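**Student:** Turn this into a model:
(chains A and B)
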Amino acid sequence: MQTINPLIRNIKRHWMLYLMILPGIIFYIIFKYIPLAGSVIAFQNYQILKGIMNSPWVWFDNFKYIFMYQDFYNVLRNTAIIATYKLIFQFPAPIILALLFNEVRLMFAKRTLQSLFYLPHFLSWVIVGGIVFEVLSSQGVVNTIRSWMGFEPILYMQQERYFRGIVILSGIWKEIGWGTIVYLAAIAGINPSLYEAAVMDGANRWKQTLYITLPGIFPTILVLFLLNIGNFLELGFEQIYNLLTPMTYSVGDIIETYVYRAGILQGQFSVTTAIGIFQSVIGFVLLWIFNRLANKTGEGLW
Amino acid sequence: MRISASEKWFQTFNYIILTLAASTMIFPFLHLLAVSFSSPVAADSKEVFLWPVGFTLGTWEHILQNSGLWQSFGVTIYVTVVGTFFSMILSVLTAYPLSRQEFLIRKQVMLFIVITMIFNAPLIPFFLTVRELGMMNSLWSLIIPGAISTYNMIIIRTFFQGLPKELDDSAKIDGCNEFRVLFQIYLPLSKPVLATIGLFYAVGYWNIFQRAVLFLRNQELWPLQMKLRAYLTSPEELAQVNLFLGDYDFNTTTLKAATIIFATVPILLVYPYLQKYFVKGSMLGSLKE
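**Tutor:** Have a look, this model is predicted:
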């Protein structure tokens, strides 16, 4: 009663605050917590007509099934490979660009360049995918340049060997500029007296970048890295879906596109939910491991 | 400050690299724009670069008369306007109590919300929930299930927390209730942050695609991005005529180029505002928790 009483008094006095937040609470219950609880269908043989209450429980059978299923390994391999490439090539790209921006002295040039680099972030993957297909098509710009140099045209989008590279390059193209914002803010927050002292000691711009700017933004890099690791296997449905063709399924079909096809289109609800849980667990385990490592070198998320 | 020769070289190199990279950001649009005004023969023979070859308005006449494209354009405008309004109302109403000291359970509610950022439900149970609610083939499926972006809501809350407390004390003495404090004192003072978050939501709704893929089977309800995707994957549908059976001043190449430009122009028109407020907004987010 001791703890309940103040709450009742608080509700009576500030009932309008409780009324205001009610729609938000209902939103989170319906669209976040109910689907979270609904994940139990991964342990059932869920049938839409019977519902969660009456569908038979199969416990870990769905998980056993996906690990015996060759297609799943293929999809998992594609996802893991693309995710690793992204971490190696796409993650550092905005850091490098931010460092290059930092060396631009003319404010006018800096603003103009930034405006151009931010633009693709606001476009949908449908548009960016369309552009990628056009640029790489047989009459596209890339093949036009190849023809000037006397090379045969290449159908990039239809060939397995180019697909992952295209995913990474298009991802960098779309998000590199936007990604610099947080790093530029971190650079702006570095104490200017550090640079003054370094200049006194005879450090040139390169030494200043190496010994002041990079260590200065290291905490930001670490936090963003950890947030990325937490979603390691979530590559983004929209990008892959808009770049994939039947010719590139074998290298480009990822968990999210597979879940869409097998789950939504073919109705294998339980199996694909099990895959979704697997995906989240991997992300969580990776986050936990890397956070422990981060705590040793600097500061982790917790 | 002395500048060494190597640093001068680096400066020049840096400007060249950045300018080249930046030009790739705008070049595809200029190219597609040129293609969309070119004759079909020129477009397919790799002659067009940044300037139209065999100038014709045929492609654009055909595109702008395409009722399907306008229909989906209308749907997207509707979803963007209604959705942004709906999202703003819900986010502000949720953020306000969470910013108030008097709201006893604000920490608990905050935890309840932040947990959903860490533990995200898999796609299928989310899909089934929305389906159970009867939102399949309804434009509400694009709006309600994603109405609050937790990230945006927290930015608004952080801003509210920074407003001086004396303001609402005096308002309360004057007999204002919480709703009036929020709508007549807080919101007018929060215009910059509301503009930013409003634009965040608006761009999200404008580009909405995945939820449309999931929930809308009825083609008449398709937003622009869905229609665009359908046209880009099967441009014959966009042509609406059999291109082999006649001599037209457009073809699938020029039509696709024009469709991409058509969907990009609205974003380009508001881009100056977008950039101004977005950059500010993404800074706001990094301020605190």
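
**Student:** What ranges in the stretch 101-250 of chain B fall below the confidence cut-off?
**Tutor:** Counting by pLDDT under 70, the ranges of the stretch 101-250 of chain B that qualify are B:241, B:244-246.

**Student:** Show me how far the helix or strand where A:Ile172 lies is from its chain's centre.
**Tutor:** Here A:Ile172 sits within helix A:160-188, counting by DSSP states H and E. Offset of helix A:160-188 from its chain centre (C-alpha atoms, centre = their mean, to the nearest Å): 11 Å.

**Student:** Report the mean per-residue pLDDT for the helix or strand just after it.
**Tutor:** As assigned by DSSP H and E, the chain's next helix or strand after helix A:160-188 is helix A:192-200. Regarding helix A:192-200, the rounded mean pLDDT is 93.

**Student:** what do you get for stretch B:274-286?
**Tutor:** Per-residue pLDDT values across stretch B:274-286 average out to 69.

**Student:** and if you look at stretch A:15-26?
**Tutor:** Over the span of stretch A:15-26, the pLDDT mean works out to 96.

**Student:** now the helices: where do they sit in the stretch 101-250 of chain A?
**Tutor:** Taking DSSP state H, counting those that start in this stretch as the criterion, the stretch 101-250 of chain A carries its helices at A:107-118, A:125-136, A:141-148, A:160-188, A:192-200, A:205-208, A:214-230, A:237-243, A:249-252.

**Student:** Next, the buried residues of the fourth one.
**Tutor:** Within helix A:160-188, the residues that qualify as buried by neighbour count (16 or more other C-beta atoms under 10 Å in any protein chain shown) are A:162-164, A:166-168, A:170-187. C-betas here are computed from N, CA, C, even on glycine.

**Student:** Out of the residues you listed, which are close to chain B?
**Tutor:** Cross-checking the buried residues of helix A:160-188 against chain B (C-beta under 8 Å from any C-beta of the partner chain) gives A:Trp173, A:Gly177, A:Ile181, A:Val182, A:Ala185 as the overlapping residues.

**Student:** Find the pair from those residues with maximum spatial separation.
**Tutor:** Taking C-beta to C-beta as the measure, those span a maximum distance of 22.3 Å, between A:Trp173 and A:Ala185.

**Student:** Apart from its neighbours in sequence, what residue is nearest A:Val142?
**Tutor:** Excluding its sequence neighbours, the residue lying closest to A:Val142 (C-beta to C-beta, 6 or more residues apart in numbering or on different chains) is A:Leu136, at 5.5 Å.

**Student:** Tell me which residues touch the residue nearest the centre of chain B, please.
**Tutor:** Against the mean C-alpha coordinate of chain B, by C-alpha atoms, centre = their mean, the closest residue is B:Val203 at 1.7 Å. Applying C-beta atoms under 8 Å, 6 or more residues apart in numbering or on different chains, we find B:Val203 in contact with A:Phe122, B:Ile267, B:Leu274.

**Student:** I figured A:Phe117 was touching A:Gly177, is that so?
**Tutor:** Yes - in this structure, A:Phe117 sits in contact with A:Gly177. The criterion is C-beta atoms under 8 Å, and the distance is 2.7 Å.

**Student:** what's the overlap in contacts for those two?
**Tutor:** When C-beta under 8 Å, 6+ apart defines a contact, the residues bordering A:Phe117 and A:Gly177 alike are A:Leu97, B:Met25.

**Student:** In the stretch 101-250 of chain B, which residue sits nearest chain A?
**Tutor:** Residue of the stretch 101-250 of chain B nearest chain A, by C-beta to the nearest C-beta: B:Pro122 (2.6 Å).

**Student:** care to break the chain down by domain?
**Tutor:** Since no chain was named, I'll use chain A. Chain A is divided into the following domains under automatic domain parsing: A:4-43, A:61-297.

**Student:** Sorry, I should have been clearer: chain B.
**Tutor:** Residue ranges of the domains in chain B are recorded as B:5-65+B:240-287, B:67-215, according to automatic domain parsing.

**Student:** Now do the first one: distance to the chain's middle.
**Tutor:** For domain B:5-65+B:240-287, the separation from the chain centroid amounts to 18 Å (computed by C-alpha atoms, centre = their mean).

**Student:** Same list (the domains of chain A) but as JSON lines, adding distance to B:Leu142.
**Tutor:** Rendered in JSON lines, the data for the domains of chain A read as follows (distance: least, C-beta to C-beta, whole Å):
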{"stretch": "domain A:4-43", "distance to B:Leu142": "13"}
{"stretch": "domain A:61-297", "distance to B:Leu142": "13"}
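
**Student:** okay, and for the stretch 151-300 of chain A, where does confidence drop off?
**Tutor:** Within the stretch 151-300 of chain A, the ranges that satisfy pLDDT under 70 run A:298.

**Student:** between the top helix by length along chain B and helix A:125-136, how many degrees?
**Tutor:** Of all the segments of type helix in chain B, defined by DSSP state H, the longest one is helix B:252-287. In terms of direction (axes from the mean of the first three to the mean of the last three C-alpha atoms, to 10 degrees), helix B:252-287 departs from helix A:125-136 by 130 degrees.

**Student:** residues of helix B:252-287 that come out buried?
**Tutor:** Residues of helix B:252-287 classed as buried: B:252-264, B:267, B:271, B:274-275, B:277-279, B:281-282, B:284-285 (neighbour count, 16+ other C-beta under 10 Å).

**Student:** anything in that helix near chain A?
**Tutor:** Yes - in this structure, helix B:252-287 sits against chain A according to C-beta under 8 Å from any C-beta; the contacting residues are B:253, B:256-257, B:259-260, B:263-264, B:267, B:271, B:274-275, B:278-279, B:282-283, B:286.

**Student:** Now flag whichever of the residues you listed is closest to A:Gly283.
**Tutor:** Looking across the residues of helix B:252-287 next to chain A and measuring by C-beta to C-beta, the closest to A:Gly283 is B:Ser286, at 22.5 Å.

**Student:** Indicate whether stretch A:201-209 makes contact with chain B.
**Tutor:** Yes - interface with chain B: stretch A:201-209 contributes A:Asn204, A:Arg205, A:Trp206 (C-beta under 8 Å from any C-beta).

**Student:** Quick check on the residues you listed: which are buried?
**Tutor:** If you count burial by 16+ other C-beta under 10 Å, the buried members of the residues of stretch A:201-209 next to chain B come out as A:Asn204, A:Arg205.
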